[in-house]
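> any chance you could fold what I've pasted below:
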Amino acid sequence: MSAAAVPLSRALSIPDVVAVSRGGSPVRELDSDGRERVEASRNSVVEALARPGARIYGITTGYGALAGTRIEAGDAARLSWNLILKCATGTGPPLPEDWVRAMLLVRANSLALGASGVRPVIIDTLVRMLNRGVTPVVPGKGSLGASGDLAPLAHMAAVATRSPGSDPDAGEDPTAFSGEAWFEGRRMDGASAMAAAGIHRPGVQAKEGLALTNGTTMMVAGAALQLHDARRLLLHAELAAALTFEALLARTAALNPGLHEANNQPGQIGTAARLRSLLSGSGLVDTDADRVQDAYSLRCTPQVIGPVHDMVGFLWGRVEASLNAVSDNPLIFPAAGQGPGAFVSGGNFHGAGPALWLDTLGIALADVASLSDRRMFRMLTPELSAGLPAMLVESPGLHGGLMSLQYTGAALVSDNKTLAHPDSVDSIPTSANQEDHVSMGANAARHTGEILDNTRTVLAIELLGAAQAVYLRPEGPERLGAGTRAVYEAVRECVPPVIEDRSMAEDVVRLEAAIDSGTLERAAAEALGDLWPPAPL
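Residues are numbered from 1 along each chain as shown. Below you'll find the predicted structure:
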């Protein structure tokens, strides 16, 4: 694991989430201030249970439409475990492991803020799972996004905790439900995974089942990872566009700084600046003297990609705020001046915000992919490509070249159009109409993840096509700009030119991996040095 440990704090960042979920950075357990804060919240729960007749949602009442049903204080712990059991109803393929690790971190951080009424041991357990590599198997479907991500979080909680009535000294009942988890590359029941990692599963107590399952954690964790990946994709969309500018002998007048400053949009200005840097020194662009201007897919690249940068920057702030938020119900405020502990019921679990943010991100990425595919189409089409051979192969007819590769890209672009239908405009009443408006934010998170994956593939296809087109230009690679030459050479490290027909599926996979690793962007940055402007935040 990395030496830099990530603390639980009110300043958890998206890079922190990525470092823990993908890079294996350890997480620090609660410090003394955090432990004191959490214990104060927990003491309020204990004090409330000792008060005769206390009526507190989810602690001495049922849940949802059963909130009017009184629960005896002595049954509060069993009620907590029952909630985990009844909500563990997820279905479909499991979420990726990095997404689940992000969920563990986000949930631990939320509980550590001290308004959820759990014991410190619950938070310690989540942190130990991260640090020792126990990752719950969480089915991807089944959350309405309100009351938060109940089903996904219940599958996570079932691994982390156990029935309050079980005896830890007697060993785990092999028939007891404990979910499933990955540990050291093997999938097994949760109890076995935790035992193998040397982590004790605490018996869940009053309020803790609700605190572990009720909240926006799946949505927010997914959004954090997707925003991180989206920012990288946008830079690679610019790299691909610049190489296609070279391939199609595009006009750089459309990148004039005065033009973009006149539109007064920061993202657009930044995209145009990066394209100018990548193309500096090019002997291919602006060589078609008869052309006045290019098609929109080239000329309007800054106007399309730039606003997506702006939007990602806005969403970045909203999601980071949510990483440091408490989203379960009720919340507990020991020092609110309302007695020993104020229990406030509300709706912080509602995922309307994350649903809107994720929908917006998916829609924006779908447009980036669509633009990329149109540029790829132009390179394949002789009437549009400024002299390139049909289908980007020297002997078209006998060889189909990159024709079918563009089919794949077009299929993914069309898939994105369906996936980009906003989930946030949908709702369906549940729980006897007590929960009569839900966010569908978890669906938005899954769909946006699919759009992101599709967009990565479409950009890899364009990079492959643009490199092939440059290869087919007379002395094309030697005439590239400083930045685009570095990108071209990085592409060539992954895939050779297409001389005759071959399967290019693995070529695309290698370029997708290069995008994920940042190899192409680093190559451009190293070639350009101070001339490579950073992405807008």
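
> C-alpha only now, for contacts and for neighbours.
OK.

> for the protein, just list every one of the strands.
Counting by DSSP state E, one finds strands in the chain at the ranges 91-94, 134-136, 139-141, 180-183, 186-189, 331-333, 342-344.

> comparing those strands, which comes out most buried?
For these, average neighbour numbers computed from mean count of other CA atoms under 10 Å are highest in strand 134-136, which has a mean of 29.

> now for it, which elements pack on it?
The criterion is 3 or more CA pairs under 8 Å, 6 or more residues apart in numbering; DSSP states H and E, and the helices and strands that strand 134-136 contacts are helix 97-112, helix 150-160, strand 180-183, helix 190-196.

> let me know the angle separating the second one from helix 97-112.
Note on geometry: by axes from the mean of the first three to the mean of the last three CA atoms, to 10 degrees, helix 150-160 and helix 97-112 are set 80 degrees apart in direction.

> with adjacent residues omitted, what lies nearest to the most centrally placed residue in the chain?
When the chain is reduced to its mean C-alpha position, the nearest residue by CA atoms, centre = their mean turns out to be Gln226, at 2.4 Å. For Gln226, ignoring the flanking residues on the chain, the nearest one in space by CA to CA, 6 or more residues apart in numbering is Gly449 at 6.7 Å.

> how much space separates that neighbour from Arg473?
Summarising the geometry, the distance separating Gly449 from Arg473, computed by CA to CA, to the nearest Å, is 37 Å.

> between those two, who's got more neighbours?
It is Gly449, of Gly449 and Arg473, that has more neighbours when counted by other CA atoms under 10 Å, with 23 against 19.

> got a list of what the more buried one touches?
Applying CA atoms under 8 Å, 6 or more residues apart in numbering, we find Gly449 in contact with 222, 226, 362.

> on that earlier part again, wait, the residue nearest to the centre of the chain touches Ile451, no?
No. Using CA atoms under 8 Å, Gln226 is not in contact with Ile451; the gap is 10.1 Å.

> what's the offset of the worst-scoring helix or strand of the chain on mean pLDDT from the middle of its chain?
Among the helical and strand segments of the chain, the one scoring lowest on mean pLDDT, DSSP states H and E is strand 342-344, with a mean of 88. With CA atoms, centre = their mean, to the nearest Å as the basis, strand 342-344 stands 33 Å off its chain's centre.

> spit out the contact partners of Lys207.
If you count contacts by CA under 8 Å, 6+ apart, Lys207 has them with 45, 58-59, 76-77, 80, 116-118.

> of the residues you listed, just say which sits nearest to Ala67.
Taking CA to CA as the measure, Ala67 sits nearest to Gly58 out of the contacts of Lys207, at 7.3 Å.

> any idea how far Leu105 is from Pro266?
Distance of Leu105 to Pro266, given as CA to CA: 33 Å.

> I meant Ala157, not that one.
When distance is defined by CA to CA, Ala157 is 43 Å away from Pro266.

> neighbour count: the two, which is higher?
Set Ala157 next to Pro266 and count neighbours by other CA under 10 Å: Ala157 wins out with 29 against 16.

> I'd guessed the more buried one sits against Leu85; true?
No. The criterion here is CA under 8 Å, and Ala157 misses it with Leu85 at 9.4 Å.

> domain-wise, how is this protein divided?
Domain assignment for the chain, taken from automatic domain parsing, gives 14-215, 221-423+437-531.

> could I get the ones you listed as TSV with distance to Pro429?
Conversion of the domains of the chain to TSV gives the following (distance: least, CA to CA, whole Å):
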stretch	distance to Pro429
domain 14-215	10
domain 221-423+437-531	6
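
> for Ala5, which of those domains is the nearest?
For Ala5, the closest of the domains of the chain is domain 14-215, at 4.8 Å, according to CA to CA.

> and stretch 38-47, C-alpha only, in PDB?
Written as PDB, here are the backbone C-alpha positions of stretch 38-47 (Å, rounded to 0.1, in the frame of the first residue of the first chain):
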ATOM      1  CA  VAL A  38     -18.800   9.700  17.400                       C
ATOM      2  CA  GLU A  39     -19.100   8.600  21.000                       C
ATOM      3  CA  ALA A  40     -21.100  11.700  21.900                       C
ATOM      4  CA  SER A  41     -23.500  10.900  19.100                       C
ATOM      5  CA  ARG A  42     -23.700   7.300  20.200                       C
ATOM      6  CA  ASN A  43     -24.300   8.300  23.900                       C
ATOM      7  CA  SER A  44     -27.400  10.200  22.700                       C
ATOM      8  CA  VAL A  45     -28.800   7.000  21.300                       C
ATOM      9  CA  VAL A  46     -28.200   5.100  24.500                       C
ATOM     10  CA  GLU A  47     -29.700   7.900  26.600                       C
END
